[in-house]
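*Asks:* A structural model of the following input is requested.
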Amino acid sequence: MEITLNIPAKDWYRNSTFNDLSYWGLDYPPLTAYQSYIHGAFLKTFDPDSIALFTSRGYESYLGKLLMRWTVLSSDVLIFFPAVLYIVLVYCSMQLCIGQNNDVAWHVAMILLNPCLILIDHGDFQYNCISLGLTIAAIAAALSQKDLVASVLYCLALNQKQMSAYFAPAFFSYLLGTFSVAWWPYLQSKEAALAVLSRLAPFERGIFEDYVANFWCTSSMLVKWKKLYSTQSLRIFGLAATLLTCLPSMVQQVLAPSSKGFLYVLLNSSQHHFSSFKYAVHGKSILLPLLPLTLLALEVHQSLLWLTHFAMFSMFPLLHRDKLVLAYIALYALFLLVYFAPGGPSGRRNGSKTRDHSQTTKIGMEFISSIAFHPLVMGFLGLCSLVLHVIYITMHPTNKYPFLFEAVIMLICFSQFVLFTLQFKAVDAIETSNIKS
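*Replies:* Residues are numbered from 1 along each chain as shown. Here you go, the predicted structure:
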């Protein structure tokens with residue numbers, strides 16, 4: 001906000017005397033910069049010291065934090081909330097939901113009360129609600145066969161946060177046109193465009209930062225990737241591996257397109273990107289697979305509960321450092337209360353009925369779940385996560401292994417993310433084969 005309000009737009013992504021990129025430079029696409037300008041103007045009206053050039057760095061005040069929280073809340077109300085209502089109405093109008101009135105309210109609550117999103121956005125002022133809200137609206141438009149609207153909305157999401165690109169395999173046919181409008185100030189020269197791109201993919205920060213439950217961070221315990229290979233090599237490895245892992249889902253949707261298949265491709269491609277081979281500097285990338293999973297909550301509510309649990313757990317060290325443990329516990333408790341509410345599918349005596357799957361798909365899903373999520377395994381891992389929460393808060397590791405607890409948490413969460421990916425990859429394949437037959 002300080003940058004966008006005080007220097008010209010052409011210099012927002014350039015290192016200069018007034019814009020020290022190494023301190024806190026813009027590293028999101030232009031739409032985030034425009035949003036920062038609007039929010040900055042709002043803050044300037046009530047607390048100009050909070051966005052003053054240079055002097056606002058390190059500045060903190062109660063009013064400044066309150067105004068920042070209002071910028072996130074306003075983004076929720078204006079973009080995320082309407083998008084959630086839109087997708088649920090479209091979802092049910094296409095008879096993708098079970099059909100009970102209580103399901104609509106429960107589905108809306110499950111999407112809105114995503115504790116990971118609330119903690120990241122409101123605890124760290126991340127504004128993921130804007131990019132995810134635009135993505136949700138784009139998904140709803142695509143399901144409604146409104147291709148042009150879906151294309152515009154997804155392009156806006158992609159120009160808000162570059163991590164939306166990991167939904168691209170499912171949105172491939174909607175990627176024409178709108179980029180030029182958002183990028184216009186930076187398309188005047190090759191240098192300006194490259195300056196933006198270099199900030200959107202900060203490879204100089206390494207293939208991961210902090211402990212992220214993905215392949216690179218987990219395997220680095222055995223293979224020291226950063227020492228063995230150059231950043232350029234790791235960049236190529238990550239891109240190639242990511243494309244290879246999400247290609248099958250793309251091919252399946254091309255060969256057998258369907259509304260439900262579109263949602264599963266969104267889920268599979270985003271989960272591959274987070275837990276497998278993408279550059280994951282931040283743990284907030286877990287929001288990507290959680291988005292399509294919440295949209296499928298009526299169908300796969302047990303998986304939603306399980307992934308949300310380990311998504312929260314994977315972020316616990318970061319949230320603990322940010323003094324958000326109380327918010328962590330409160331939001332998780334609220335999520336569980338709504339999840340197990342009597343009116344929702346997960347709270348009914350017999351659970352939710354599987355909607356109109358073929359018999360083959362039902363058997364396949366049950367078989368996969370019985371292997372990947374056996375009750376004994378789930379109970380053991382749930383107990384381990386509870387114990388590790390207590391240990392992390394009350395104990396300190398030895399000086400020889402200062403990040404021991406983070407490493408154990410990462411290993412447990414990564415193992416579950418991999419199992420989750422395999423489960424839904426198999427379900428996607430079964431659904432596709434049924435459609436084709």
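*Asks:* which residue is nearest the middle of this structure?
*Replies:* Closest to where the C-alpha atoms of the chain average out (Cα atoms, centre = their mean) is Leu287, at 2.0 Å.
*Asks:* that one sits in which helix or strand?
*Replies:* Using DSSP states H and E, the element containing Leu287 is helix 287-295.
*Asks:* touching that helix from outside, list them.
*Replies:* Residues from elsewhere that reach helix 287-295, judged by Cβ atoms under 8 Å, 6 or more residues apart in numbering: 87, 91, 110-111, 114, 116-117, 120, 128, 132, 135-136, 139, 163, 166-167, 263-264, 266-267, 270-271, 273-275, 300, 303-304, 307-308, 311, 420. The C-beta positions use only the backbone N, C-alpha and C, and glycine is treated the same way.
*Asks:* quick one: buried ones out of those residues?
*Replies:* Neighbour-count burial (16 or more other Cβ atoms under 10 Å) is assigned, among the contacts of helix 287-295, to 87, 91, 110-111, 114, 116-117, 120, 128, 132, 135-136, 139, 163, 166-167, 263-264, 266-267, 270-271, 273-275, 300, 303-304, 307-308, 311, 420.
*Asks:* okay, helices next: where are they in the stretch 201-350 of the chain?
*Replies:* Along the stretch 201-350 of the chain, counting by DSSP state H, counting those that start in this stretch, helices occupy 215-219, 225-228, 231-255, 259-272, 287-295, 301-321, 325-339.
*Asks:* ok, which of the ones you listed comes nearest Leu5?
*Replies:* Counting by Cβ to Cβ, Leu5 lies closest to helix 287-295 out of the helices of the stretch 201-350 of the chain; the figure is 27.7 Å.
*Asks:* ok, back up a step: save the helices of the stretch 201-350 of the chain as TSV, and put in mean pLDDT and distance to Lys146 too.
*Replies:* TSV is the format used below for the helices of the stretch 201-350 of the chain (pLDDT from 0 to 100; distance: least, Cβ to Cβ, whole Å):
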stretch	mean pLDDT	distance to Lys146
helix 215-219	70	36
helix 225-228	72	43
helix 231-255	71	18
helix 259-272	73	13
helix 287-295	87	17
helix 301-321	89	27
helix 325-339	94	30
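*Asks:* and those: which comes nearest Leu156?
*Replies:* Of all these, helix 287-295 comes closest under Cβ to Cβ, at 15.5 Å.
*Asks:* now that closest one against helix 259-272, angle please.
*Replies:* 150 degrees (axes from the mean of the first three to the mean of the last three Cα atoms, to 10 degrees).
*Asks:* please state the offset of helix 287-295 from the chain centre?
*Replies:* Computed by Cα atoms, centre = their mean, to the nearest Å, the chain-centroid distance of helix 287-295 equals 7 Å.
*Asks:* just want the angle from that helix to helix 301-321.
*Replies:* Going by the same axes, to 10 degrees, helix 287-295 makes 140 degrees with helix 301-321.
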